[in-house]
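1. here is my input, please return the structure:
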Amino acid sequence: MAARALRELLGIEHPVVLAPFGGVSSVELTATVTDAGGLGSYGLYGYGPDRIRETVAALRAATSGPFSLNLWLPTGDEVLPADVDVGTGAPAVAAVAGLFAELGLEVPRPPERFLPSFDDQLDAVLDARPAAVSFVFGVPAPDVVERAHDHGIVVVGTATTVAEAVALADGGVDVVVATGAEGAGHRVSFLRPPEDSLVGTFALVPQVVDAVDVPVVAAGGVADRRGVAAAFALGASGVQVGTAFLATRQSAASDAYRVAIASAASDASVLTRAMSGRLARGLPNRAVRVIEAAGAIAPFPAQNWLTGQFRAEAARRGVGELQSLWLGQAAGLSRADDAAAVFAELLAGVPAAP
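-> Residues are numbered from 1 along each chain as shown. Have a look, this model is predicted:
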């Protein structure tokens, strides 16, 4: 059975994977999923080496089981502070000036850099030797795959199309996550623009299963036992779940964020570049509407840095209208506020092991 191969490869009891959340991962949620027999994941977007080491130490203190760490691959189109105007008076800054003022914040000066060095991140992750390292936005370079394997680390790639899945398998990854357009957060397409890569999970997963010879994990729109059963019927070896876990009290989401998930209608989410400069699925709150109406969005990661300055304060104050509320199209199925209960519900849809 394909699920057995995935379980043996990752050293897990159940083929259920926690989606890595860039910015809202929590040690408690990652450990909860791992301790339940799945694969807990932790997103390291924006983390420097020291913070990665501190996070791994906290994870190891919280669980003795396997977990995965997630990194964003550089795509080559990321701007540097010197490449873009995000100073006072710039169009993208003017578009959000009112949101800063609402929170009593000054628009900050641009930093020396928007993101830490990927190479430094990778070195810290490899030194940590997690059970798996997952990548988004591309195919990891051959030397990256080789180094991970030399450290005994399983390499996971993420695809939004069949062609991307084939490229990942040809690049030597051990597992492909086939993520449908229903999923929350950033569309991690890399061969074609994300707007041209919006394949639904139901269509994507079986075609990826037919196209590659590595285990395929289904992601996007899976929130309960029915979605899990459907994923396995499509040939998946496992499932990756985000929004349903994000809604639980163990996640790092703010109370306002969790309320937004719990109250989201089936057609509530939209695709937008407003909050980060890259296409992502989430709730069209006031911040999104204001930025889109202004028509001034800085390129990634400048826009993500800019909005991040007021998003963090909004989260502290519980102002959901000014946060990034990433959620998937199955948010309405996210009814439990406890991660263990979510895991039990998902597990009920996994076929019995032979």
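2. elements contacting the longest helix along the chain?
-> Ranked by residue count under DSSP state H, the longest helix found in the chain is helix 302-317. With contacts defined as 3 or more CB pairs under 8 Å, 6 or more residues apart in numbering; DSSP states H and E, helix 302-317 has these neighbours: helix 91-102, helix 286-294. Any C-beta I mention is one placed from the backbone N, CA and C, and that applies to glycine too.
3. mind listing residues that contact that helix?
-> Contact partners of helix 302-317, identified using CB atoms under 8 Å, 6 or more residues apart in numbering, comprise 79, 81, 84, 86, 92-93, 96, 99-100, 103, 105, 107-108, 110-111, 114, 254, 256-257, 273-278, 287, 291, 297-298, 320-324.
4. buried set for it?
-> 302-311, 313-315 (16 or more other CB atoms under 10 Å).
5. quick check: which ranges of the protein have low pLDDT?
-> Low-confidence segments of the chain, defined by pLDDT under 70: 1-2, 354.
6. where do the helices of it begin and end?
-> 2-10, 27-35, 49-62, 91-102, 118-128, 142-150, 162-170, 201-211, 225-233, 243-246, 255-263, 286-294, 302-317, 339-347.
7. just to revisit the earlier point, so the longest helix of the chain versus helix 255-263, what angle?
-> Angle between the axes of helix 302-317 and helix 255-263 is 100 degrees (criterion: axes from the mean of the first three to the mean of the last three CA atoms, to 10 degrees).
8. so helix 302-317 versus helix 91-102, what angle?
-> 10 degrees.
9. so what's Leu99 up against?
-> Going by CB under 8 Å, 6+ apart, Leu99 touches Ala287, Val290, Phe310, Leu322.
10. any of those buried? List them.
-> Here, 16+ other CB under 10 Å leaves Ala287, Val290, Phe310, Leu322 buried among the contacts of Leu99.
11. wait, the second one touches Gly98, no?
-> Yes: the pair Val290 and Gly98 qualifies as a contact (CB atoms under 8 Å) at a distance of 7.0 Å.
12. His151 is in contact with Arg129, isn't it?
-> Yes: using CB under 8 Å, His151 makes contact with Arg129 at a distance of 5.3 Å.
13. common neighbours of these two, please.
-> In contact with both His151 and Arg129: no residue, using CB under 8 Å, 6+ apart.
14. ok, now how distant is Val155 from Leu69?
-> 11 Å (CB to CB, to the nearest Å).
15. what is in contact with those two at once?
-> Ala132, Val133, Ser134.
16. of these, which is the nearest to Arg53?
-> Checking those against Arg53 by CB to CB gives Val133 as the nearest, at 14.8 Å.
17. quick one, what contacts the closest residue to Val16 other than its chain neighbours?
-> Sequence neighbours aside, Gly38 is the residue nearest to Val16 in space, at 3.9 Å (criterion: CB to CB, 6 or more residues apart in numbering). With contact taken as CB under 8 Å, 6+ apart, Gly38 is in contact with Ile12, Glu13, His14, Pro15, Val16, Val17, Leu18, Phe343.
18. okay, now the third one: neighbour count?
-> One way to gauge burial is a neighbour count; for His14, by other CB atoms under 10 Å, it gives 20.
19. does it touch Gly37 like I think?
-> Yes: applying CB under 8 Å, one finds His14 in contact with Gly37, separated by 4.3 Å.
20. now the buried residues of helix 302-317 in TSV, with distance to Glu164?
-> Supplementary listing: the buried residues of helix 302-317 in TSV, determined by distance: CB to CB, whole Å:
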residue	distance to Glu164
Ala302	26
Gln303	24
Asn304	22
Trp305	27
Leu306	29
Thr307	27
Gly308	27
Gln309	33
Phe310	33
Arg311	29
Glu313	36
Ala314	34
Ala315	32
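21. dihedrals phi and psi, the residue of the chain most remote from its centre?
-> Largest separation from the mean C-alpha position in the chain: Gly89, at 32.3 Å (CA atoms, centre = their mean). Torsion angles at Gly89 (phi, psi; degrees, to the nearest 10) stand at phi 100, psi -20.
22. hang on, the earlier thing: so Val155 and Leu69 - more neighbours on which side?
-> Counting neighbours by other CB under 10 Å for Val155 and for Leu69 shows that Leu69 has the greater number, 28 against 22.
23. in contact with that one, which residues?
-> Pro20, Ser41, Tyr42, Leu44, Ile52, Val56, Val125, Ala128, Pro130, Ala132, Val133, Ser134.
24. now, among those residues, which is nearest to Ser189?
-> Distances from Ser189 to the contacts of Leu69, taken by CB to CB, are shortest for Ser134, at 15.8 Å.
25. is the closest one bridged to anything, and to what?
-> Asn70, Val156 (DSSP bridges).
26. right, and it touches Val177 too?
-> Yes: with contact defined as CB under 8 Å, Ser134 and Val177 form a contacting pair (7.1 Å).
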